[in-house]
Structures are given as C-alpha cells and as structure tokens.
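# Take a look and give me a structure for this.
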Amino acid sequence: MSPELRAKIIAVCNTKIAQKGENVGLSFYAFFANKNDNPELLMEAATWWIKTHQLDHFEKAKKIKDLVTL
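Here you go, the predicted model:
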C-alpha cells in the first residue's frame, strides 16, 4: 500500500471515529471525493479492500484503521 493511501485511510478513519464513534462503518469510497480525480489511488484502495482483504462493502472504521496500521 502506498504511503499516500495509508495516510488518507488513517486520516479518514480518525475523523469518522471522532465524529460518530467507534462503531461507525464506511466503504472504500469514503476515502475519495464524489468525482474520480485520482483513479490510480481509487483502484489501489479497491484492490486492497476487495481482493486483498475480501472485506464487505461496509466495515467498521476501527477495523480498517487497524488493518492499515499493522
């Protein structure tokens, strides 16, 4: 995983957890704006989420943060 994606995932997870608590769920789309301004990073996130870890569409932000910080 690229350092750029790792930093983005951690920042988004921290923000969502701070706003909505430990049980907040999110999808990999949460790391991107509604328009596709960085398709390479989006595909990296999708591959990591779907192929590498076979995660459900929505997962707990804490679980995602834990996966990227291991």
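
# Name the nearest residue to residue 4, ignoring sequence neighbours.
In space, residue 4 comes closest to residue 41 once its chain neighbours are excluded; the distance is 6.6 Å by C-beta to C-beta, 6 or more residues apart in numbering. For the C-beta atoms, the positions are set from N, CA and C on the backbone; glycine is no exception.

# Wait, the one you found touches residue 1, no?
No: Residue 41 is beyond contact range of residue 1, at 10.5 Å (criterion: C-beta atoms under 8 Å).

# For those two, indicate the residue with more neighbours.
A side-by-side neighbour count of residue 41 and residue 1, using other C-beta atoms under 10 Å, places residue 41 first with 16 against 13.

# Secondary structure element holding that one?
Under the criterion of DSSP states H and E, residue 41 resides in helix 39-46.

# Would you mark the buried spots in the longest helix seen in the chain?
As assigned by DSSP state H, the longest helix anywhere in the chain is helix 3-20. The neighbour-count check on helix 3-20 (16 or more other C-beta atoms under 10 Å) flags 5, 8-9, 12-13, 16-17 as buried.

# same check, this time on stretch 63-70
For stretch 63-70, a neighbour-count test (16+ other C-beta under 10 Å) marks 64-65, 67 as buried.

# Pull the residues that contact stretch 17-37.
By C-beta atoms under 8 Å, 6 or more residues apart in numbering, the residues outside stretch 17-37 that reach it are 5, 8-9, 12-13, 16, 38, 41-42, 45-46, 48-50, 57-62, 64-65.
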